[in-house]
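Participant: got a predicted model here, sequence first, then my questions.
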Amino acid sequence: MSDVVLELAALKRSFTQGDVIIEVLRGVDAHLKRGEIVALLGPSGSGKSTMLQAVGLLEGGFDGTIRIDGEDVTRLGQGERTKMRREKIGFVYQFHHLLPDFNAIENVVLPQLIRGAKQAEAEERAADLLGRLGLGERLHHKPSKLSGGEQQRVAVARALANRPLLVLADEPTGNLDEATADRVFDQFVKLVRDHGSAALVATHNERLAAKMDRVLRLHEGHIEV
Ligand code: ADP
Ligand code: MG
């Protein structure tokens, strides 16, 4: 098994806005090793979300190579991509995207059931993850009854529910106040480390970036070297 979890080579993505072509990613080269937590740093509009969407197999339309766990995902068909995404990738977004009609534990159980886990096992795992994030008393609360920080912690538990090889986080604490953001982020890092997952975390926050193993800076469509 290779030590490299994610490898990007000459990744390009442009958008057409009216008559103008905006080249957002102009040839990104990067890699992540097993267990590494890496910041993707860059100002607003530099292409961080675009890059995570490509890596997360959420968006097509890019050129170049993306290898996840040694497999060239650009060659996969739609069904295989979906399978890869469910089995190997966990996402945390800036706005939690929890299902509003499901409570905290159900939101963490669901992705496990989709992947074929048994109900009882999925519940046990969800309760364990939420407990470790300090939400043991909040399992049956719906998202609307949770604070912003609590919602974001449920989203972290959901992302890790299937023990992903790679966690992609897009400004995961971007809508929280500074103290809450720090707390949630520290718990996120601890949980990711416990799992041995690699994580790529987009942020424009230098302070959060400093807590990670390494920083990739996105500038004018390239990763600075
Ligand atoms: P960041 O996450 O670093 O703030 P984004 O990846 O969201 O940056 O955006 C990078 C650039 O790509 C911006 O100029 C944005 O307007 C443009 N962009 C992103 N998505 C689209 C899209 N779907 N259509 C057109 N332009 C887009
Ligand atoms: Mg963004």
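Facilitator: Yep, it's here. Numbering: from 1, shown residues only. Ligands and ions are numbered 1, 2, ... in the order given.
Participant: C-alpha from now on. contacts and neighbour counts both.
Facilitator: Noted.
Participant: what about the nearest residue to Phe62 once chain neighbours are set aside, how many neighbours?
Facilitator: Using Cα to Cα, 6 or more residues apart in numbering and skipping residues adjacent in sequence, the residue nearest Phe62 is Arg13, 4.7 Å away. When counting by other Cα atoms under 10 Å, one arrives at 22 neighbours for Arg13.
Participant: so Arg13 sits right up against Ser46, yeah?
Facilitator: No: Arg13 lies out of contact with Ser46 (Cα atoms under 8 Å); the separation is 11.9 Å.
Participant: overlap in contacts of these two?
Facilitator: Jointly contacting Arg13 and Ser46 under the rule Cα atoms under 8 Å, 6 or more residues apart in numbering are Val24.
Participant: give the contact list for the nearest residue to Pro100 once chain neighbours are set aside.
Facilitator: Distances taken as Cα to Cα, 6+ apart put Pro143 closest to Pro100, at 5.8 Å, once the chain neighbours are dropped. Counting by Cα under 8 Å, 6+ apart, Pro143 makes contact with Leu98, Leu99, Pro100, Phe102, Asn103, Ala104, Gln151.
Participant: what lies in contact with the helix ranked longest in the chain?
Facilitator: Secondary structure of the chain per DSSP state H: the longest helix is helix 178-195. Helix 178-195 has contacts (Cα under 8 Å, 6+ apart) with 35, 37, 133, 149, 152-153, 156, 160, 163, 172-174, 198-199, 208.
Participant: for Gly70, state which of the residues you listed is nearest.
Facilitator: Closest approach between those and Gly70, by Cα to Cα: Ala198, at 14.1 Å.
Participant: and the pLDDT for the closest residue to that closest one other than its chain neighbours?
Facilitator: Nearest residue to Ala198, sequence neighbours excluded (Cα to Cα, 6+ apart): Gly35, at 4.2 Å. pLDDT for Gly35: 92.
Participant: my guess is Gly35 contacts Ser197, does it?
Facilitator: Yes: contact status for Gly35 versus Ser197: in contact at 4.9 Å, counting by Cα under 8 Å.
Participant: and these two? Which one has more around it.
Facilitator: Ser197 (24 against 20).
Participant: separation between the more buried one and Glu36?
Facilitator: 7 Å (Cα to Cα, to the nearest Å).
Participant: around ligand 1, pick out the residues from the chain.
Facilitator: Phe15, Gln17, Val24, Pro43, Ser44, Gly45, Ser46, Gly47, Lys48, Ser49, Thr50 (Cα under 6 Å from any ligand atom).
Participant: phi, psi for Glu123 please.
Facilitator: phi -70, psi -40 (degrees, to the nearest 10).
Participant: need the pLDDT of the closest residue to it other than its chain neighbours.
Facilitator: Nearest non-adjacent residue to Glu123, counting by Cα to Cα, 6+ apart: Val109, 5.8 Å away. In this model, Val109 is scored at 98, pLDDT.
Participant: what of Leu133?
Facilitator: pLDDT recorded at Leu133 is 92.
Participant: picking that back up, what's the helix or strand for the residue nearest to Phe62?
Facilitator: Per DSSP states H and E: Arg13 is located in strand 4-17.
Participant: so how far is that strand off the chain centroid?
Facilitator: 16 Å (Cα atoms, centre = their mean, to the nearest Å).
Participant: which parts of it are buried?
Facilitator: By neighbour count on 16 or more other Cα atoms under 10 Å, the buried set for strand 4-17 is Val4, Val5, Leu6, Glu7, Leu8, Ala10, Leu11, Lys12, Arg13, Ser14.
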